[in-house]
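Colleague: Sequence isn't available, so here's the structure alone:
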Ligand code: CTP
């Protein structure tokens, strides 16, 4: 049993996804966890304290000023007595309150008082998840060390609505909890914070069209997951992808290059950063507010301007992590271009790959890479992207311990 004796404080938030918490409790207890439930007032609209109490076999906490407990400062005790706090579902409002440090109910007070890791499972309408205010909350919370699982893409409770916003499934939440609580604390990257970018970016042309590329996020997500398994605290800044967040990472979801840069900067400081994202180099100068229509003037001429280079900004910036790793996606003169990028972008290591048509790398599952650093070039055989990730994480751990040995 992977969670034997681990004390989990489960804060059930308001939202239709709250019903999944009943299954979550069952899954956590099957694995040996001791679950203490807390319900927000809104949660009681969706599940009853009676069902939650019956499933956990424990008392359900709900009021900030509980007559029985407040004499020993109940919320502080609840916050301290857990190995992990799980917040599910985490609504947009709850995330905004957490980001602002508002503790005006028991859940808020616990989240403010706790020093134990917090795992949040957001669930909301896709439009709310995409809203800049929620993006800001998510970036702030990730920088504060809150881990996220989900949300996933899919159908929403509202009929006909689809997109990113569905709460992660109970078993995904359990896997994320196990990843946080399992003894990877002894891993080679324990105590290190690593930022990873992954996926493409989408640069809007008008409300329905965008500039993008074929990146699937597979390589970046595999690296983020492998870093977490090696014990690192990982902030994954991901463009739009169809993949779930890897277990045990704090994921920040963005769409554009500018949002990606802002999220990376909000996540610093870090010990290492790995820039895997296929960031769109250009965006349109003016995003049309309305859908562009066909007209007598013929096709529109899109004026493009350059996006910020995230790797170069961080690699040459004042808050540069000790180890900076970039990727180079090339279709010709691989080593020449990778060598130039190493110097120009301030990277310690460039993982160069040939993405020519026919290699199947972009969007595929396998990759053949060459590692370019000041020390020379190292060729790796063709590997599954997950194997590339494992090997790269071992390389990162080795280089980081040379550059910045732990006391
Ligand atoms: N990168 C970035 N921000 C950008 C462009 C690229 O952070 N706006 C990062 C990528 O994540 C990758 C590295 O820079 O780690 C190289 O990306 P690549 O697309 O190969 O190179 P470009 O800088 O776009 O150069 P070019 O288009 O000339 O190949």
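Modeller: Great, that's in hand. Since the model is a prediction, treat every value here as computed from it, not as a measurement. Numbers count the residues shown, from 1 in each chain.
Colleague: so after the helix or strand of the chain with the lowest mean pLDDT, what's the next helix or strand?
Modeller: Ranking every helix and strand in the chain by mean pLDDT, DSSP states H and E puts helix 74-80 at the bottom, with a mean of 75. The C-terminal neighbour of helix 74-80 among helices and strands, as given by DSSP states H and E, is strand 84-90.
Colleague: Identify each buried residue in that following strand, please.
Modeller: 84, 85, 86, 87, 88, 89, 90 (16 or more other Cβ atoms under 10 Å). Yep, even glycine has a C-beta here, placed from its N, CA and C like the rest.
Colleague: Now do the contacts for the second one.
Modeller: Residues in contact with residue 85 (Cβ atoms under 8 Å, 6 or more residues apart in numbering) are 8, 9, 11, 79, 110, 111, 114, 116, 117, 118, 119.
Colleague: count of neighbours near residue 45?
Modeller: The local packing count at residue 45 equals 12, with neighbours defined by other Cβ atoms under 10 Å.
Colleague: now, which of the contacts of residue 85 sits nearest residue 155?
Modeller: Taking Cβ to Cβ as the measure, residue 155 sits nearest to residue 119 out of the contacts of residue 85, at 24.0 Å.
Colleague: which other helices and strands contact the helix or strand containing the closest one?
Modeller: With elements taken from DSSP H and E, the one containing residue 119 is strand 118-122. Based on contacts counted as 3 or more Cβ pairs under 8 Å, 6 or more residues apart in numbering; DSSP states H and E, the elements that strand 118-122 packs against are strand 84-90, helix 92-100, strand 147-148, helix 170-181.
Colleague: who touches the residue of the stretch 101-250 of the chain at minimum distance from the ligand in this structure?
Modeller: Nearest residue of the stretch 101-250 of the chain to the ligand (Cβ to the nearest ligand atom) works out as residue 197 at 5.7 Å. With contact taken as Cβ under 8 Å, 6+ apart, residue 197 is in contact with 220, 236-239, 260, 264, 274-277, 279, 310.
Colleague: tell me which of the residues you listed is nearest to residue 55?
Modeller: Within those, the smallest distance to residue 55 is 31.8 Å, found for residue 236 (Cβ to Cβ).
Colleague: element containing that closest one, please.
Modeller: With DSSP H and E as the criterion, residue 236 is inside strand 233-238.
Colleague: other SSEs contacting that strand?
Modeller: By contact count (3+ Cβ pairs under 8 Å, 6+ apart), the secondary structure elements abutting strand 233-238 are strand 193-198, helix 218-229, strand 250-253, helix 257-267.
Colleague: Turn those into JSON lines, columns for mean pLDDT.
Modeller: Shown next, in JSON lines, are the helices and strands packed on strand 233-238 (pLDDT from 0 to 100):
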{"stretch": "strand 193-198", "mean pLDDT": "97"}
{"stretch": "helix 218-229", "mean pLDDT": "94"}
{"stretch": "strand 250-253", "mean pLDDT": "90"}
{"stretch": "helix 257-267", "mean pLDDT": "96"}
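Colleague: what's the most buried one of those?
Modeller: strand 193-198 (a mean of 29; mean count of other Cβ atoms under 10 Å).
Colleague: May I have the strands that pair with that one, each with its orientation?
Modeller: strand 233-238 (parallel), strand 272-275 (parallel) (DSSP bridges).
Colleague: ok, which stretches of the stretch 301-407 of the chain are helices?
Modeller: Assigned by DSSP state H, counting those that start in this stretch, the helices in the stretch 301-407 of the chain fall at 310-315, 334-344, 385-403.
Colleague: Apologies, that question was intended for the stretch 1-150 of the chain.
Modeller: Read by DSSP H, counting those that start in this stretch, the stretch 1-150 of the chain holds these helices, from start to end of the chain: 20-30, 49-56, 74-80, 92-100, 106-113, 126-130, 132-143.
Colleague: I'd like to know how many residues surround the closest residue to residue 25 other than its chain neighbours.
Modeller: Nearest non-adjacent residue to residue 25, counting by Cβ to Cβ, 6 or more residues apart in numbering: residue 55, 4.6 Å away. The local packing of residue 55 (other Cβ under 10 Å) involves 19 other residues.
Colleague: before we move on, back to that, okay, the helices of the stretch 1-150 of the chain, which one's buried deepest?
Modeller: helix 106-113 (a mean of 22).
Colleague: which residues are contacting it?
Modeller: Contacts made with helix 106-113 from outside it, assessed by Cβ under 8 Å, 6+ apart, are listed as 9, 11, 13, 38, 40, 61-64, 66, 75-76, 78-80, 85, 87, 94, 97-98, 101-103, 118.
Colleague: Next, format the contacts of residue 85 as TSV and append distance to residue 291.
Modeller: Conversion of those to TSV gives the following (distance: Cβ to Cβ, whole Å):
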residue	distance to residue 291
8	47
9	47
11	41
79	49
110	46
111	41
114	46
116	48
117	44
118	41
119	39
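Colleague: So among those residues, where is pLDDT lowest?
Modeller: Among the contacts of residue 85, residue 79 carries the weakest pLDDT, at 79.
Colleague: ok, that one - contacts?
Modeller: Contact analysis of residue 79 by Cβ under 8 Å, 6+ apart lists 9, 85, 109, 110, 111, 113, 114, 115, 116.
Colleague: Residue 307 now?
Modeller: The neighbourhood of residue 307, defined by Cβ under 8 Å, 6+ apart, consists of 201, 203, 256, 257, 258, 279, 280, 281, 282, 283.
Colleague: Strands - which of those land there?
Modeller: Within these, membership in strands is found for 203, 282, 283, as judged by DSSP state E.
Colleague: May I ask you to confirm that the first one is in contact with residue 239?
Modeller: No: judged on Cβ atoms under 8 Å, residue 203 makes no contact with residue 239 at a distance of 10.3 Å.
Colleague: More neighbours: which of those two?
Modeller: When residue 203 is set against residue 239 and neighbours are counted by other Cβ under 10 Å, the residue ahead is residue 239, at 26 against 22.
Colleague: Great, nothing more from me.
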